[in-house]
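*Asks:* Give me the fold of what follows.
(2 chains, ligands or ions: 2)
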Amino acid sequence: MSIVVFAEQRGGTLRKITYEVVSEGKRLAAAAGDSLKVLLAGSDVAGLAEELKKFGADEIAVANDAALADYTTDAYAAVLAAYIQQENPGLVLLGHSAIGKDLAPRVAARLDAGLVSDCIDVKFADGDYAFVHPIYAGKAIATYKVNSAVKMATLRPNVFPVEENAGAGSVVDFSTEIPAPRTKVLEVKQQGGDRPELTEADIICSGGRGLGNPDGFQLIEQLADILGAAVGSSRAAVDAGWRDHQFQVGQTGKVVSPNLYIACGISGAIQHLAGMGSSKCIIGINKDPEANIFNVADYGIEGDLYKVVPALIEKLKEVKG
Amino acid sequence: MKIVTCIKQTFDTEAKITIENGKVSDQGVNLIVNPYDEFAVEESIRLKEKNGGEVVVVSVGNDKTQEALRYCLAMGADRAVLIQDPALENGDNHSAAVALAKLLADMEYDLIFCGKEAVDDGAAQVPSRLAEKLDLPQANVITSFELGDGQATVTREIDGGTETLEVQLPAVFSAQKGLNEVRYPSLPGIMKAKRKELKVVSLADLGLSAEDVAPKAELVQAELPPPRKAGRVLKGEVEEVVAELVKLLQEEAKVI
Ligand SMILES: Cc1cc2nc3c(=O)[nH]c(=O)nc-3n(C[C@H](O)[C@H](O)[C@H](O)COP(=O)(O)OP(=O)(O)OC[C@H]3O[C@@H](n4cnc5c(N)ncnc54)[C@H](O)[C@@H]3O)c2cc1C
Ligand SMILES: Nc1ncnc2c1ncn2[C@@H]1O[C@H](COP(=O)(O)O)[C@@H](O)[C@H]1O
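*Replies:* Ligands and ions are numbered 1, 2, ... in the order given. Presented below is the predicted three-dimensional model:
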């Protein structure tokens, strides 16, 4: 049997999630005694196969086609479904990214396959996979078994460690008929400048209503600059119009799991915790000693963020040189 | 303009989760319309108000789901269909999508709206699975919708930004927060909703067998996450506290 991983790229660069999913695919392939096959799709992407070789795939199939320049569900689903039909793998893995979330269920339905979304762990034991997925926004953790011949899963970003591995890494071409897509991409707007993306960031600095005004985010940005962090926000700050919705962390925003999450002037409402509760280390900065954020924070600082954050910035400048 | 809107009844986002025999218990839990589905219903009603036509809300659920459907009727949807069957009780996203697709196959529609994700299973699967089963285009996680001639122009969230798409109709759209401001049902709306049609159909009515909707993914068990230990609250002069924090981040947590 084989394990198939869908390698996500954008604008000719592999996404961080791809390294994570390929690394996990390799670990599972080793545990199950399966081979690992990676499907790389796009236009002008053949060069990326070299980069993928480092992660121990037995085979890297490249679907290089001008029709795959933009991500469209119709075109990409045709390619991934055809590749799965050719390889007949036991397991197919994608990232739980915007593309993975759109593509995986579409392909799963085409193949009548079971799919477990947003996994934080996949285990192989007694010849079968168990898929672990947080439900109720992380308030419970569910384990699923999938009974279809092809089993599919999407993996949560920033959870699975990246690991280089040796492997044959032979590169082959893959092509299939690509239908004319019924959707047309008119425009793509990337926001957030040079900052890492929320779901990929190692460190996130977030601000909430406690900032008091939209300019408060300048302070959060300064902190983020020193740490190379992404900037997030609570819903209260989004609802106040201080920040665009795509930066909202929580149940109705982004689910993130960085190494470090710094919550400034955020009370720690249950819906906010749902989005960041799986962060490895949480810092809460809040002037209210009763704030709920202190119930989950590894380190809390009770105080006015307008005093604490500037001091923290100075100290970080000092130690980071 | 005929619009079908798929809604799921979910736990209130404030609900405390308890586990009984390896499953999430629904004892004493307040049930709501999945928050994203409210955006879907709102958008559907606005389109009908502007262009005329009909909004049909549909759901795969149980007795209690009637309440969620009535809520959507009170918001302004015209009629509702509930797919209810013992064989669907332990269903997964595949089961729901197959049942919905079969129901929709015999309906007329120009647009199908869903929520981008159900806040209970957090799967984000049903809209795309439904689109595939109906062989329709899809646009997920949309934050704006503009109706054109035989097509719609939408904005959808992608990683790190947004994308504007032109989508041929009919198609399936899944709604994200930001699409609109959801209305509350008015008192006359609530009164009218009581008399609107709410049809309950079984799998047999749809010509489906239990086997057709057998789940592909089965829950083995659910458990509570390990509680996060409350950590240390650092106290003292700002300079000292900050110095201590940075030291802890470097030496204990090793995250910077
Ligand atoms: C269906 C639903 C979905 C939701 N989804 C989300 C979601 O995805 N994400 C989300 O974040 N919320 C979500 N919410 C909202 C959530 O319930 C809270 O209302 C929100 O998280 C509060 O944001 P906040 O912590 O910034 O504001 P507040 O709760 O008002 O907290 C502000 C905090 O700042 C502190 N503060 C004030 N001034 C200072 C200062 N100078 N220095 C230090 N601290 C200060 C205060 O002590 C307080 O603790 C959702 C709610 C519902 C009903
Ligand atoms: N049982 C259901 N009945 C009707 N619609 C559903 C059902 N389950 C999911 N949906 C729709 O699909 C969306 C995504 O749900 P999910 O795939 O479960 O995350 C929801 O917001 C609904 O619009």
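
*Asks:* rest of the way, CA atoms for contacts and neighbours
*Replies:* Noted.

*Asks:* wait, doesn't B:L100 sit right on B:R129?
*Replies:* No: applying C-alpha atoms under 8 Å, one finds B:L100 not in contact with B:R129, separated by 9.9 Å.

*Asks:* okay, those two: which has more neighbours?
*Replies:* B:R129 (31 against 23; other C-alpha atoms under 10 Å in any protein chain shown).

*Asks:* Next, the more buried one: phi, psi?
*Replies:* phi -60, psi -40 (degrees, to the nearest 10).

*Asks:* B:V55 is in contact with B:V4, isn't it?
*Replies:* Yes: B:V55 is within contact range of B:V4, at 5.8 Å (criterion: C-alpha under 8 Å).

*Asks:* quick one: common contacting residues for these two?
*Replies:* Common neighbours of B:V55 and B:V4, counting by C-alpha atoms under 8 Å, 6 or more residues apart in numbering or on different chains, are B:S44.

*Asks:* Just give me how far stretch A:40-50 sits from the chain centre.
*Replies:* Distance of stretch A:40-50 from the chain centroid (C-alpha atoms, centre = their mean, to the nearest Å) equals 21 Å.

*Asks:* Check chain B for the residue nearest ligand 1 and tell me.
*Replies:* When distances are taken as C-alpha to the nearest ligand atom, chain B reaches nearest to ligand 1 at B:T13, 5.5 Å away.

*Asks:* Next one: that residue from A:C264, what distance?
*Replies:* Using C-alpha to C-alpha, to the nearest Å, we find B:T13 at a distance of 23 Å from A:C264.

*Asks:* okay, now the domains of chain A?
*Replies:* As recorded under automatic domain parsing, the domains making up chain A are A:2-173, A:198-319.

*Asks:* Include mean pLDDT when you put the ones you listed into CSV, please.
*Replies:* Shown next, in CSV, are those (pLDDT from 0 to 100):
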stretch, mean pLDDT
domain A:2-173, 97
domain A:198-319, 96
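
*Asks:* Distance to B:E20 and mean neighbour count added to the ones you listed, as a markdown table?
*Replies:* Conversion of the domains of chain A to a markdown table gives the following (distance: least, C-alpha to C-alpha, whole Å; neighbours: other C-alpha atoms under 10 Å in any protein chain shown):
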| stretch | distance to B:E20 | mean neighbour count |
| --- | --- | --- |
| domain A:2-173 | 12 | 21 |
| domain A:198-319 | 21 | 21 |
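
*Asks:* For those domains, please prepare CSV with the additional fields distance to chain B.
*Replies:* Rendered in CSV, the data for the domains of chain A read as follows (distance: least, C-alpha to the nearest C-alpha, whole Å):
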stretch, distance to chain B
domain A:2-173, 4
domain A:198-319, 4
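
*Asks:* Please name whichever of the ones you listed is nearest to B:I83.
*Replies:* Minimum separation from B:I83 across the domains of chain A (C-alpha to C-alpha) falls at domain A:2-173, 19.7 Å.

*Asks:* Contact partners for B:L88?
*Replies:* B:V60, B:G61, B:S95, B:A96, B:A210, B:V213, B:A214.

*Asks:* Secondary structure added to the residues you listed, as a markdown table?
*Replies:* Converted to a markdown table, those look like this (DSSP: H, G, I helix; E, B strand; the rest coil):
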| residue | secondary structure |
| --- | --- |
| B:V60 | strand |
| B:G61 | coil |
| B:S95 | helix |
| B:A96 | helix |
| B:A210 | coil |
| B:V213 | helix |
| B:A214 | coil |
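
*Asks:* ends of stretch B:123-139, how far apart?
*Replies:* Counting by C-alpha to C-alpha, the length from the leading to the trailing residue of stretch B:123-139 is 16 Å.

*Asks:* average pLDDT for it?
*Replies:* For stretch B:123-139, the mean pLDDT works out to 98.

*Asks:* who's in contact with it?
*Replies:* If you take C-alpha under 8 Å, 6+ apart as the criterion, stretch B:123-139 is touched by A:73-74, A:101-103, A:105-106, A:108-110, A:116-118, A:182-183, B:93-94, B:96-98, B:100-101, B:105, B:114-118, B:140, B:154, B:156, B:165, B:167-174.

*Asks:* Same list (the domains of chain A) but as JSON lines, adding distance to ligand 2.
*Replies:* Below are the domains of chain A laid out as JSON lines (distance: least, C-alpha to the nearest ligand atom, whole Å):
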{"stretch": "domain A:2-173", "distance to ligand 2": "9"}
{"stretch": "domain A:198-319", "distance to ligand 2": "12"}
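
*Asks:* ok so, going back, which ones among the contacts of B:L88 come in contact with ligand 1?
*Replies:* When the contacts of B:L88 are filtered against ligand 1 using C-alpha under 6 Å from any ligand atom, no residues are retained.

*Asks:* So which of these is the closest to A:E302?
*Replies:* Distance to A:E302, by C-alpha to C-alpha, is smallest for B:G61 among those, at 46.1 Å.

*Asks:* Was I right to think the closest one contacts B:T10?
*Replies:* No: counting by C-alpha under 8 Å, B:G61 stays clear of B:T10, with 10.1 Å between them.

*Asks:* Just confirm A:K54 contacts A:E164, I think it does.
*Replies:* Yes: at 5.6 Å, A:K54 counts as touching A:E164 under the criterion of C-alpha under 8 Å.

*Asks:* Select the longest strand from chain B.
*Replies:* Among the segments of chain B that qualify as a strand by DSSP state E, the longest is strand B:138-147.

*Asks:* what's near enough to touch the closest residue in space to B:Y36 that isn't next to it in sequence?
*Replies:* Sequence neighbours aside, B:G115 is the residue nearest to B:Y36 in space, at 4.5 Å (criterion: C-alpha to C-alpha, 6 or more residues apart in numbering or on different chains). Under the criterion of C-alpha under 8 Å, 6+ apart, the contact list for B:G115 reads B:6-7, B:34-40, B:127, B:141, B:174-176.

*Asks:* Could you pick out which of these are located in strands?
*Replies:* Secondary structure assignment (DSSP E) places B:C6, B:V141, B:S174, B:A175 from these within strands.

*Asks:* and the second one, what is it in contact with?
*Replies:* By C-alpha under 8 Å, 6+ apart, the contact list for B:V141 reads B:G115, B:K116, B:R156, B:E157, B:F173, B:S174, B:A175, B:Q176.

*Asks:* The second one contacts B:G178, doesn't it?
*Replies:* Just to be clear, that refers to B:K116. No: if you go by C-alpha under 8 Å, B:K116 and B:G178 don't touch, sitting 11.9 Å apart.

*Asks:* ok, and what's touching the helix or strand containing A:K37?
*Replies:* If you go by DSSP states H and E, A:K37 is part of strand A:35-42. For strand A:35-42, the external contacting residues (C-alpha under 8 Å, 6+ apart) are A:1-9, A:12, A:22, A:25-26, A:29, A:49, A:56-70, A:76, A:79-80, A:83.

*Asks:* let's see 7 Å
*Replies:* When contacts are defined by C-alpha atoms under 7 Å, 6 or more residues apart in numbering or on different chains, strand A:35-42 is touched by residues A:1-7, A:25-26, A:29, A:57-65, A:68-69.

*Asks:* after it, next one along is what?
*Replies:* Tracing the chain C-terminally past strand A:35-42 and defining elements by DSSP H and E, one meets helix A:48-52 next.

*Asks:* so the residue lying closest to A:E200 once chain neighbours are set aside, which of the three states?
*Replies:* Counting by C-alpha to C-alpha, 6+ apart, the nearest residue to A:E200 once its immediate chain neighbours are dropped is A:N158, at 6.0 Å. Reducing the assignment to helix, strand or coil with three-state DSSP, the entry for A:N158 is coil.

*Asks:* about what we covered before: adding distance to ligand 1, write the contacts of B:G115 out as JSON lines.
*Replies:* Rendered in JSON lines, the data for these read as follows (distance: C-alpha to the nearest ligand atom, whole Å):
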{"residue": "B:C6", "distance to ligand 1": "18"}
{"residue": "B:I7", "distance to ligand 1": "15"}
{"residue": "B:N34", "distance to ligand 1": "9"}
{"residue": "B:P35", "distance to ligand 1": "6"}
{"residue": "B:Y36", "distance to ligand 1": "9"}
{"residue": "B:D37", "distance to ligand 1": "11"}
{"residue": "B:E38", "distance to ligand 1": "11"}
{"residue": "B:F39", "distance to ligand 1": "12"}
{"residue": "B:A40", "distance to ligand 1": "15"}
{"residue": "B:P127", "distance to ligand 1": "20"}
{"residue": "B:V141", "distance to ligand 1": "15"}
{"residue": "B:S174", "distance to ligand 1": "17"}
{"residue": "B:A175", "distance to ligand 1": "14"}
{"residue": "B:Q176", "distance to ligand 1": "12"}
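
*Asks:* With that, I have no additional questions.
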